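Student: The sequence isn't on hand, but the structure is:
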């Protein structure tokens, strides 16, 4: 399904994968879902916008259910998706440290 999402996005809105749609349903109310999906589907339209499903899922993870964060995260991914992925990795590391009761690199 990822391959179809990748190719469907060239020249138009990207078709979101089932995993992304399911995550949107879990984290957003009915009134916000359409807007969130529209914003997400704008990432992956250009050839340099890669790893669409992975980036969409990272955007949702970083947004933490806040619709107001989606647009900025999509814009950041469109500039350089690697920045978004590294930001997500840093966030994951902080969460793991908090679960253990300490900051990363302690």
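Tutor: Yep, that arrived. None of the values given here were measured: they were computed from a predicted structure.
Student: can you give me the helices in the protein?
Tutor: In the chain, helices defined by DSSP state H lie at 2-8, 18-27, 30-41, 52-63, 67-79, 81-100, listed in chain order.
Student: and the last one, average pLDDT?
Tutor: Same thing as helix 81-100. For helix 81-100, the mean pLDDT works out to 68.
Student: try the second one
Tutor: Mean pLDDT, helix 18-27: 98.
Student: go on, the fourth one?
Tutor: If you average the pLDDT over helix 52-63, you get 95.
Student: Kindly calculate the angle that it makes with helix 18-27.
Tutor: With axes from the mean of the first three to the mean of the last three CA atoms, to 10 degrees applied, the angle from helix 52-63 to helix 18-27 works out at 20 degrees.
Student: quick check: angle from helix 52-63 to helix 67-79?
Tutor: Counting by the same axes, to 10 degrees, helix 52-63 lies at 140 degrees to helix 67-79.
Student: if we can go back for a sec, can you tell me which of the helices of the chain is most buried?
Tutor: helix 52-63 (a mean of 21; mean count of other CB atoms under 10 Å). Just so you know, the C-beta spots here come from the backbone N, C-alpha and C atoms, and that holds for glycine as well.
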